[in-house]
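Chemist: Quick one: sequence and predicted model below, then my questions.
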Amino acid sequence: MTDLLDRIERYYDAVPRNAARAEDFGPLSLFVRDGEGWPYYGRPTLGWSGASATVADVQRVRARQRELGVPESFEWVAETTPGLRAAVEGSGLAVHEHPLMALDPAPSPTPTGAARVVGADDPALAEALAVAYLSFGEPGTAIGTAGPDELAAMTTRLTIDGTAERTADRIRDGLTVVAAAFGPDGTALCGGQHQPVGSVSELVGIGTLPSARRQGLGYVVTAALVADARARGVETVFLSAGDQDVARIYARVGFRPVGTTLIAEPAE
């Protein structure tokens, strides 16, 4: 287990570096994105052997995040850096727990259903991204309200603001793989991504259009992403589940709990 968590820790340090620079705060590092895109976070400094992070260390990072105009957020693995939680909570941030899961080495289920990898030049790319955005706007697994009208509006937004094109560039560079499941009319109903770095990849952003939930679409998209990762020679596939209900879906594909991902942000 320690070796697995070490691989995941090295991955977390490596994956932002293709689009961000790391600013040094001793026991903590802050990844600052170069250019447009989703902002990164503060996290433990890889290989740090000095004193554990203090409330003052966390406050220094938060001050820099405010200066940059980015969210005051931190992400780390509880089992790898157990002492950080007290310092983060002591700074006033709320900490949320998410099941950290890794794919069992045994053979994974063969993808079934209408799920496929979406390429950089695929007309469905923006829509495949949009379903996940809408899904995270209505968390959980219950059938929600966002449907075709909201999907069309979000697809337009992600096209206009450049999100779809930035993702297309990452696909061309081999940094991101997008997969989606489609309805009978060809509309994207569930989408997700994996981000390979060497022999490790994380599944991220898997979400179903809220009005189309409870059809097993998350399962088929996850299976398609896993199949693609395996075909690329990825040995370690992992993810952080939103909650235990979502974790049970991933368990059906062959993921097992290996730890706890902690995400800190200002309390609402």
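Modeler: Sure thing, it's come through. Residues are numbered from 1 along each chain as shown.

Chemist: List the buried residues for the helix or strand bottoming out on mean pLDDT in the chain?
Modeler: Least confident element among the helices and strands of the chain, by mean pLDDT, DSSP states H and E: helix 244-253 (a mean of 89). For helix 244-253, burial by neighbour count (16 or more other CB atoms under 10 Å) applies to Val246, Ala247, Ile249, Tyr250, Ala251, Val253. Heads up, the C-betas are built off the backbone N, CA and C, glycines and all.

Chemist: was I right about His98 contacting Gly259?
Modeler: No. Applying CB atoms under 8 Å, one finds His98 not in contact with Gly259, separated by 9.9 Å.

Chemist: How about the contacts made by Arg64?
Modeler: Residues near Arg64 by CB atoms under 8 Å, 6 or more residues apart in numbering: Glu23, Phe25, Leu30.

Chemist: Any idea how many residues pack against the last one?
Modeler: Pointing back at Leu30 there. For Leu30, the count of nearby residues is 23 (other CB atoms under 10 Å).

Chemist: Name the helix or strand for it, please.
Modeler: strand 28-33 (DSSP states H and E).

Chemist: hmm, who's touching that strand?
Modeler: Outside strand 28-33, the residues within contact range by CB under 8 Å, 6+ apart are 13, 16-17, 19-23, 39-46, 53, 57-58, 60-61, 64-65, 68, 70, 74.

Chemist: swap in stretch 149-162?
Modeler: 36, 126-127, 129-131, 133-134, 164-165, 187-188, 209.

Chemist: Mark which of those residues are buried, thanks.
Modeler: Among the contacts of stretch 149-162, the ones that count as buried by 16+ other CB under 10 Å are Ala126, Glu127, Leu129, Ala130, Val131, Tyr133, Leu134, Ala164, Thr187, Ala188, Leu209.
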